[in-house]
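Student: Could you look at this predicted model? Sequence included:
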Amino acid sequence: MKIRFIGTGSGKTSLKRFHSSFLILSNDFNLLVDAGDGISKALLKQNISPGQIDGILFSHLHPDHFSGIGTLLVQMKLMKREKLLKIYLHDSLIPVVKNFIFSSYLFEERMDFEIKYCGFNGDEETIVNDDIKFIARQNSHLDQYLKYDKEKILSFSCSSFLFNLNNKIICYTGDVGKKEDLNLFKGNDISILISESTHIDKVAFSEIFEELKPAKLIMTHIPDEQEEELLAWKSSLSDEIRDNIIIASDGMTISTRE
């Protein structure tokens, strides 16, 4: 199995990196994790057809993780896709996403393929196929916005994920709100930790590396202006730690067997 980084940028639009997203490639199911603004162009640049995507998993609905879904569905429609598309997201977000798609004039009756919404809740294992399973836990990334929703009409679900990829344990933090969010899956034998780098102080990553002891730490969600700082931080670490930390770039592919 492989993980291909489609985009490694932050919420700030960049000419160097697309917004944060990666594709899990297994024998019979390819799962796209997040689909923010520009995802269709990002896939095209890497010679990946929308037809290769069997499912999309959303961590939360910030535009850099979600708003490319409309255009991506249009590409699937234009290429006359017929196979089922599964969309995985927290139960509370299903009505929001359905309404977004409907409001974009993307009526399922006019498509040649079916969209199946697969909801999940915290700490429930979701089985995608024989090779891909995941557990979601809520983090604090969106807690700062609760005060703006005075009528309590929004969902503030934001998930971090523990993937079991053919018995290899991969943790993806998604966007987080505080250092403690990096520890949501502490106690698991994590082979690869994929973490955003925007919202957490770099010192915290040194500490979390010592605590979780993943074989690899892959940093993504990188703002252009922080890239040099991130590289300098990596250079300052001991050889033992530095060799196991990867600064992700668009198009980078890793094997889960490594």
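Tutor: Okay, I see it. Numbers count the residues shown, from 1 in each chain.

Student: alpha carbons only for contacts and neighbour counts from here, please
Tutor: OK.

Student: For the stretch 151-258 of the chain, give me the ranges with low pLDDT.
Tutor: Of all residues in the stretch 151-258 of the chain, those with pLDDT under 70 make up the ranges 258.

Student: Please, where are all the strands along it?
Tutor: 159-165, 168-172, 192-196, 216-220, 245-247, 253-255 (DSSP state E, counting those that start in this stretch).

Student: Switch the ones you listed over to CSV; also include mean neighbour count.
Tutor: As requested, the strands of the stretch 151-258 of the chain are exported to CSV (neighbours: other CA atoms under 10 Å):
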stretch, mean neighbour count
strand 159-165, 23
strand 168-172, 21
strand 192-196, 22
strand 216-220, 22
strand 245-247, 17
strand 253-255, 13
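
Student: unless I'm mixing things up, residue 33 is touching residue 19, no?
Tutor: No - Residue 33 is not in contact with residue 19 according to CA atoms under 8 Å; the separation is 11.5 Å.

Student: Helices of the stretch 51-200 of the chain, start to end?
Tutor: For the stretch 51-200 of the chain, the helices defined by DSSP state H, counting those that start in this stretch occupy 63-66, 69-78, 94-103.

Student: mind checking how far the first one is from the chain centre?
Tutor: Taking CA atoms, centre = their mean, to the nearest Å, one finds the center of helix 63-66 at 10 Å from the center of the full chain.

Student: How about the last one?
Tutor: Here the centre of mass of C-alpha atoms in helix 94-103, compared against the chain's by CA atoms, centre = their mean, lies 20 Å away.

Student: In that helix, which residues are buried?
Tutor: Buried positions in helix 94-103, judged by neighbour count with 16 or more other CA atoms under 10 Å: 94, 97, 101.

Student: And stretch 187-204, by the same measure?
Tutor: 190-198, 200.

Student: which residues are in contact with that stretch?
Tutor: Identification of contacts with stretch 187-204 by CA atoms under 8 Å, 6 or more residues apart in numbering yields 10, 168-179, 212-223, 230, 233.

Student: let's see it at 7 Å
Tutor: Stretch 187-204 is contacted by residues 10, 168-179, 214-223 when judged by CA atoms under 7 Å, 6 or more residues apart in numbering.

Student: now stretch 80-99
Tutor: 51, 54-58, 112-121, 155, 157.

Student: Can I get that stretch as CSV, trimmed to CA atoms?
Tutor: The C-alpha trace of stretch 80-99 is given here as CSV (Å, rounded to 0.1, in the frame of the first residue of the first chain):
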residue,chain,number,x,y,z
LYS,A,80,-19.2,10.0,-17.3
ARG,A,81,-18.2,8.1,-14.2
GLU,A,82,-20.5,5.2,-13.4
LYS,A,83,-19.0,3.5,-10.3
LEU,A,84,-20.1,4.3,-6.8
LEU,A,85,-18.4,7.2,-4.9
LYS,A,86,-18.3,6.8,-1.1
ILE,A,87,-18.0,10.0,1.1
TYR,A,88,-16.8,9.4,4.7
LEU,A,89,-17.5,12.1,7.3
HIS,A,90,-18.8,12.6,10.8
ASP,A,91,-22.5,11.9,11.1
SER,A,92,-23.2,15.5,12.0
LEU,A,93,-21.7,16.8,8.8
ILE,A,94,-23.7,14.7,6.4
PRO,A,95,-26.7,17.1,6.1
VAL,A,96,-24.3,20.1,5.6
VAL,A,97,-22.4,18.4,2.8
LYS,A,98,-25.6,17.2,1.1
ASN,A,99,-27.0,20.7,1.2
